[in-house]
Every structure is written in C-alpha cells, then in structure tokens.
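Participant: Predicted coordinates and the sequence they were generated for:
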Amino acid sequence: MLEVLIYGIIIGSIWALVSSGFSLVFGVARILNFAHGIFFVLGAYFAILLYPYLGFFSIIPAVLLVGAFGWIVYRFLISPIKQYEVMVILITLALALLVKEILLAIFKDISQSYPSLVSGLVTVAGVPVPTNRLMILGIAIVVIICLDLFIRRTKVGKFIMATSQDMEASMLVGIDVEWVYSVTMMISAILASLAGILYAQIYAVNPATAFRVLIYAFAIVILGGLGSVRGSIIASFIIGFIQVAISMFYEPRWAEIAALATIIFILIVRPKGLFGVE
Amino acid sequence: MKWLALISLIILAILPFFAPQSVVYLLGLTFIFVVYVVSWDLIAGYAGQINLGHTVFIGIGAYTTALLQNPERLGIAIPHLPIFVTIILGGLMAVAFGFAIGAICLRLKGYYLALVTAILPLICIQLLNVYSDVFGGYEGFSIGFENSLASSLMAEYYISLIFMLICIVAIVYVVRSPLGIKLKAIREDEELAEAVGVDVVKYKLIAFCLSAFFAGLAGAVMVHYRITVGPDLFDIPLMLMIILAAVIGGLGTIYGPIVGAFLIYLAKNYVFVWIVQKLSLNVSDEIFLYILLIIIILKSPEGIFEKVRRMFS
C-alpha cells in the first residue's frame, strides 16, 4: 500500500506538469489543445537526440525548443482561427497526428528512454525507491511551485491572470492579449516537454505516447475541473495513485481504461470536477 | 444542382459495366464512407456537437455483425442469422452505446463531449487487444467469404450504392423535418433554444443516437463488403478523414460533405498513394490528409462551401 502511495506521487507529479499546462491554456485562452501530448513527446525526443552532444544539459535546449514550438503553434495555427472553437480542436488534432506520423517516419515504432540523472536506491519508509525517481519528484514539485509563484508574483503572471478573468477588460487596460496567449502556450509547452523528459527516464516514449498522454490529461482536467490549475494538480496525484495501483495489482494496460472510467464516473456524479469553476 | 446530382447518379449506375474491377471495388467502399461522413455531419454540422469518436460507432457496428456471423469467437451458441439482420443489429448496438455516451456527456454544456469522445477510440482499440482471442487484436479477423454482401463484385457495388442512397434520403428527411430545425436552433444558440422551449438535451440525444445508428449500419455494411474486420475501423486516421471530408464540403450542409467524401476518399487512395510512391517517401500517405486539413482550416475556417456560396451571391 505504501508502495502505491510513493510511486503514485512520483508519476502523479509528472502528470501534474502535463495537466497544469493544459489547464492553464484552457483557463486563459479557452483553447482545448489536442496537440498537448505532442509537446510531451517532442520534449523527450529532443532531449534524447541532443544527449550524445550535451549530456544532461540537453534538457535545457530541448525544453526551450518545445517552448518555441508552442509559441509558433499558437501564432501560426491557432491564433488565425481562434474564434472558430471547433476548428481549433480539429486543427490541433490534425497537428498532433501529423507530428506523430513524422516522428514515426524518423524514429520508427521503437520505445526510447532518456538516461537516468542519478543512480542508486534509497529506502523511504521501508520501500526501496530509485534515487532518480525521488529526484524527478523533486524537480516536478519545484517547477510547479515556481509556476505558482510566477503566475501570482510576476508582472507577466498577473497579465495572464487578468486575461483569464476578463479578456476585454485586459485589452482596455493595455494588455496585449495575443502576446499573453502566446506566452501561456509557450509555458504550457515547456511544462509538458519537461514532463516528457522526466517520464522518459522512468518509462520510455514512442510516437504513440502522445495520445496515451492525452487520455491521462483529459481524465485529470475533468476530475480536477476544466480550467482550474490547482484542481488539475491535485487530480494528477489521484490519477497517479489509480494508475500505479492498477499496474501493481492488476495489469498496466487496464490503467487507461480506468482513466476513462474515472472520467465517466466524475461526469455522472460531479460534472464540474472536484474544484471546477463555472 | 438537381441535374448535376441526377447525372452523377446515372454515371455511377452504369459505371460497373465498363470501369475496371479495382475502380468499382473502391467506389463501393467510397459509398459506405459517404454514409460515415453524412452521419457525422448530422451531429457535428447540424446539432453542433463535436463528436470526435464517430469511428467508435462504426467499429461497434462492424464488430457486432462480424461476431454474430462468427459466434464461435464469443464462445456462445447463436443460431445463424441472415446478414441483413446482423447489420441492423450492428446499427442498434451502436445506438445503445451512443445513448449511454450521449446521456452522460450531452447534458453538460461545453467541451465534455469532445474530450470524452476523443479518447473513446483509443480505449476501444486497447480493449480489442486485451481480448484479442475474441476480437482478433491488431489484425482483426476475416468473417468468411460466405458472409460477403453478395456473390459478385457488381452486386456488392449496387447494394453499397443503394445503401448510400437510402441513408442520404433518410438523413436529408431528418434534417428537413421539425427535428432538423430544432437541431439548428441548438447549434446556433443553445441557451436561446432552451429559452424558447426546445428540450435541448432530448433533441441532442436523439440526433446523437440517429447519427450513431447510421454510422453503425455503415460500419456493418463495410465489414460484409470487404469481408474483414479490424481496429482500423475504430482508429483516429479514419476519424480525421471523416472530419476532413465534412470540412471540405462544409459542415451542416449534407450535400457538401457527400462531395467532400468522394473527393477525399478517392484522393487518399489514388493521389496520396501516388505522391508517396513517386517521391519514394518513407511515410504513411495519411500525412497528406493532416496537412490538407490544417491548410483548409487555416484558409477557410468557416468551411469551403460557405466561401464558395458567398463568392456567388
């Protein structure tokens, strides 16, 4: 039971990075980004590609590259058609499939991992845990705290908050809303790519991972309430526990089916999610 | 417009007498694809509900009829039913599933339907693999030559053509009925429709079930046409093809998506494959579908049909 708790928190912290970015973009710009899983996978692949040249420093350019990609996706694909909500969903879905096919052509359908940052085992409350996983947990928590501080303390963060609360009023007081949306998209891409790199250290990524990640991301944002970043973070850990429990006591391939079951259950019982806002 | 439809229908009716077999076979598949697209247009274009899991209904219809024709896979004894019956049962199974999903998601406003339906195909494919001894896993299975739609290709072609025409007529009838008008009202403004006394959830659900029914039927007919069933009927590339065809033709116009469906299905099977071979690219020809969809959405997010209409008026 304790094992489930510890391993659940670790995988939950990765999901928290994924879903907080997804939620942020939805909450601020009302964009449902079906290409979010692509950021995750691209981050991992860039880091793996650059690793032979840069070692562990490859994480930094990988994350920045995906951040830039997020900016480009918003500017050139989403921004021109933003008022057609259906088309935003369709174009991001098409982009996700396109990038997945390109990745398949380059890397083939082979799972790849990123080398562990540190090696060794630590015993936490009687449960042996690889040091690397604790490191991942630490990184994820620090990044999430930084995100929270960034949004609440910095000027850019306040612009983001203001835009999410009232887009027109923000425009009136002179905030460049389009710029805010681009920045939000970039932050979201950075978070997802970092999550992808951390994930690739524990498990492995292949091009199809982009869509598996979407299943978890959707389950988390619906559980946490669409548009609520804090709700998503808490829901990430719940989904993490469920995933680990099913993988340990049953079969890993049922974990995604359980995620869907969670969505259905929440939609029946409490459609707004745990912390949903109208 | 009417004359154009009539002329193309006559051409399609006499085509098998002089076209090569491969073209006839492909056109038969195209007719069924048209039903996929038109039934999706009913829920997405008319009722404005973004269903990204339309292929789930197609797949459920397909596997229902395939398993009923091969009951030994299920491990239960079922008397042998005629194809015609199991195809209808496939459609009804899709309705049952559509009703369950719709009842949960359609009472909520906003994006829930898109989120849930987007992951349904992935989960379904996962389940097909988990129970691969029943469903045949990644490969699917053959339902046996004795279960094909008809004994000759030409007969299959005409059955497929008639099936398409019946479905189109039925859907056009629905769209022009009072139900269709209510659906349009819901699409334009859900709250306003509710305010003037339309039971929004009920009509959305009816439209969803109708759409599922035609998709399930089409999936089942597809299985008997090509004699194999497989997870490709569930998969996202097929969904994107349906979306692309509807978007090219213009959402919510029925006739537009029919034209779009012919264009896309034939383009995918002739033009895209040809490009990939000519350039000897190491990629799936589906890449062109995705690029095309992105370009089309960027160029005319309101739909090409709308653009053309505006140009003429």
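Facilitator: Nice, thanks for sending it over.

Participant: Show me where the stretch 51-200 of chain B has its helices.
Facilitator: Here the stretch 51-200 of chain B has its helices, by DSSP state H, counting those that start in this stretch, at B:54-69, B:83-105, B:112-130, B:132-135, B:153-176, B:178-188, B:190-195, B:200-226.

Participant: for the ones you listed, which one ends up most surrounded?
Facilitator: Neighbour counts (mean count of other Cβ atoms under 10 Å in any protein chain shown) averaged over each of the helices of the stretch 51-200 of chain B peak at helix B:54-69, with a mean of 29. Backbone N, C-alpha and C define where each C-beta goes, glycine included.

Participant: hey, C-alpha coordinates of that helix in CSV?
Facilitator: C-alpha atoms of helix B:54-69 as CSV (Å, rounded to 0.1, in the frame of the first residue of the first chain):
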residue,chain,number,x,y,z
HIS,B,54,-17.7,8.7,-34.5
THR,B,55,-15.4,5.8,-35.5
VAL,B,56,-16.5,4.1,-32.3
PHE,B,57,-20.0,3.7,-33.6
ILE,B,58,-18.6,2.4,-37.0
GLY,B,59,-16.4,0.0,-35.2
ILE,B,60,-19.1,-1.3,-32.8
GLY,B,61,-21.5,-1.8,-35.7
ALA,B,62,-18.7,-3.6,-37.6
TYR,B,63,-17.7,-5.9,-34.8
THR,B,64,-21.3,-6.7,-33.8
THR,B,65,-22.1,-8.1,-37.1
ALA,B,66,-18.8,-9.8,-37.5
LEU,B,67,-19.1,-11.6,-34.2
LEU,B,68,-22.7,-12.5,-34.7
GLN,B,69,-21.7,-14.2,-38.0
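
Participant: and that helix with chain A, contact?
Facilitator: No - counting by Cβ under 8 Å from any Cβ of the partner chain, no contacts exist between helix B:54-69 and chain A, the nearest distance being 11.8 Å.

Participant: ok so, going back, dump the helices of the stretch 51-200 of chain B into JSON lines; add mean pLDDT as well.
Facilitator: Formatted as JSON lines, the helices of the stretch 51-200 of chain B follow (pLDDT from 0 to 100):
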{"stretch": "helix B:54-69", "mean pLDDT": "92"}
{"stretch": "helix B:83-105", "mean pLDDT": "91"}
{"stretch": "helix B:112-130", "mean pLDDT": "87"}
{"stretch": "helix B:132-135", "mean pLDDT": "85"}
{"stretch": "helix B:153-176", "mean pLDDT": "92"}
{"stretch": "helix B:178-188", "mean pLDDT": "86"}
{"stretch": "helix B:190-195", "mean pLDDT": "84"}
{"stretch": "helix B:200-226", "mean pLDDT": "92"}
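
Participant: do you know which of the ones you listed lies nearest B:Ile11?
Facilitator: helix B:153-176 (11.4 Å; Cβ to Cβ).

Participant: Quick one: list the elements packing against the closest one.
Facilitator: With contacts taken as 3 or more Cβ pairs under 8 Å, 6 or more residues apart in numbering or on different chains; DSSP states H and E, helix B:153-176 sits against helix B:21-41, helix B:200-226.

Participant: and the longest helix along chain A, what does it pack onto?
Facilitator: The single longest helix within chain A, with elements called by DSSP state H, is helix A:2-29. If you count contacts as 3+ Cβ pairs under 8 Å, 6+ apart, helix A:2-29 packs onto helix A:36-54, strand A:127-130, helix A:131-153, helix A:155-165, helix A:177-202, helix A:209-224, helix A:229-249.

Participant: chain center to that helix, what's the gap?
Facilitator: When C-alpha coordinates are averaged (Cα atoms, centre = their mean, to the nearest Å), helix A:2-29 and its chain have centres 7 Å apart.

Participant: got the buried residues for it?
Facilitator: Judged by neighbour count using 16 or more other Cβ atoms under 10 Å in any protein chain shown, the buried positions of helix A:2-29 are A:3-29.

Participant: got TSV for the helices and strands packed on helix B:153-176, with distance to chain A too?
Facilitator: TSV is the format used below for these (distance: least, Cβ to the nearest Cβ, whole Å):
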stretch	distance to chain A
helix B:21-41	12
helix B:200-226	13
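
Participant: Make CSV out of the ones you listed and add distance to A:Leu149.
Facilitator: As requested, those are exported to CSV (distance: least, Cβ to Cβ, whole Å):
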stretch, distance to A:Leu149
helix B:21-41, 45
helix B:200-226, 43
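
Participant: Out of these, the one nearest A:Val180 is which?
Facilitator: helix B:200-226 (33.7 Å).

Participant: what lines up beside the helix or strand just after the closest one in the sheet?
Facilitator: As assigned by DSSP states H and E, the chain's next helix or strand after helix B:200-226 is strand B:228-229. The partner list of strand B:228-229 in its sheet, established with DSSP bridges, is strand B:141-142 (antiparallel).

Participant: Please name the nearest non-neighbouring residue to A:Ser247.
Facilitator: In space, and not counting its chain neighbours, A:Ser247 is closest to A:Ala255: 5.7 Å by Cβ to Cβ, 6 or more residues apart in numbering or on different chains.

Participant: ok, that neighbour - how many residues close by?
Facilitator: Using other Cβ atoms under 10 Å in any protein chain shown, A:Ala255 is surrounded by 21 other residues.

Participant: so where is chain A shaky, pLDDT-wise?
Facilitator: A:276-278 (pLDDT under 70).

Participant: for the helices and strands packed on helix A:2-29, which one sits closest to B:Val38?
Facilitator: Proximity to B:Val38 (Cβ to Cβ) singles out helix A:209-224 among the helices and strands packed on helix A:2-29, at 26.9 Å.

Participant: Spell out which residues of the stretch 51-200 of chain A are next to chain B.
Facilitator: So the stretch 51-200 of chain A meets chain B at A:77, A:80-81, A:84, A:86-87, A:89-91, A:93-95, A:97-98, A:101-102, A:104-105 (Cβ under 8 Å from any Cβ).

Participant: Go through those residues and flag which are in strands.
Facilitator: Among these, none falls in strands (DSSP state E).

Participant: now those residues: which count as buried?
Facilitator: With neighbours counted using 16+ other Cβ under 10 Å, those contain these buried positions: A:77, A:81, A:86-87, A:89-91, A:93-95, A:97-98, A:101, A:104.

Participant: neighbours around the residue in the stretch 151-300 of chain B that chain A sits nearest to, how many?
Facilitator: The minimum distance from the stretch 151-300 of chain B to chain A, using Cβ to the nearest Cβ, falls at B:Tyr290 (3.9 Å). Residues near B:Tyr290, counting by other Cβ under 10 Å, number 24.

Participant: for B:Ile236, same thing?
Facilitator: A count of neighbours around B:Ile236, defined by other Cβ under 10 Å, yields 20.

Participant: Could I get the contacting residues of the residue lying closest to A:Gly126 once chain neighbours are set aside?
Facilitator: Nearest in space to A:Gly126, with sequence neighbours left out and distances taken as Cβ to Cβ, 6+ apart, is A:Leu2 at 6.9 Å. Applying Cβ atoms under 8 Å, 6 or more residues apart in numbering or on different chains, we find A:Leu2 in contact with A:Ala125, A:Gly126, A:Val127.

Participant: Many thanks, have a good one.
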